[in-house]
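[1] Give me the fold of what follows.
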Amino acid sequence: MPTRLYRFHCTDGHDLVVDLRGRRILTVALMRLHAEQVALDLMARGARLDWSDWHVEVYDEKGRAVLAKAFTEVRYDRQAGRA
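    The predicted model follows:
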């Protein structure tokens, strides 16, 4: 089964953390889980920041947006055990 390249960028509309390398992932479900992990990792490194306006935005290898998820939703999903 072929993998697809995705890039996981994070932004609050002003600041941007760019994923220059991307990651090859097998399924859409795994891409969604990785997007959540990217958000959680960034929040863990800057625990004192206000993440309420931040989103992880996922783009495919052609530069098309395929997912956007608010960091606040990631926290909610993880706390509820639905990640």
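
[2] use CA for all of it now, contacts and neighbours both
    OK.

[3] and the most centrally placed residue in the chain, which of the three is it?
    Nearest to the geometric centre of the chain sits Ala35, at 3.0 Å (Cα atoms, centre = their mean). Put simply, Ala35 is helix when judged by DSSP: H, G, I helix; E, B strand; the rest coil.

[4] List the contacts of it.
    By Cα atoms under 8 Å, 6 or more residues apart in numbering, the residues touching Ala35 are Phe8, Val56, Glu57, Val58.

[5] Try it again at 10 Å.
    6-10, 29, 41, 55-58, 67-69, 71, 74 (Cα atoms under 10 Å, 6 or more residues apart in numbering).

[6] That one and Tyr59, how far apart?
    11 Å (Cα to Cα, to the nearest Å).

[7] between those two, what contacts are shared?
    Common neighbours of Ala35 and Tyr59 (criterion: Cα under 10 Å, 6+ apart): Tyr6, Arg7, Phe8, His9, Leu67, Ala68.

[8] With respect to Asp15, which of those residues is nearest?
    His9 (10.6 Å; Cα to Cα).

[9] Just to be sure, the closest one is in a strand?
    Yes. Counting by three-state DSSP, His9 is located in a strand.

[10] who does it bridge with?
    When assigned by DSSP bridges, His9 has beta-bridge partners Glu57.

[11] Much appreciated, bye for now.
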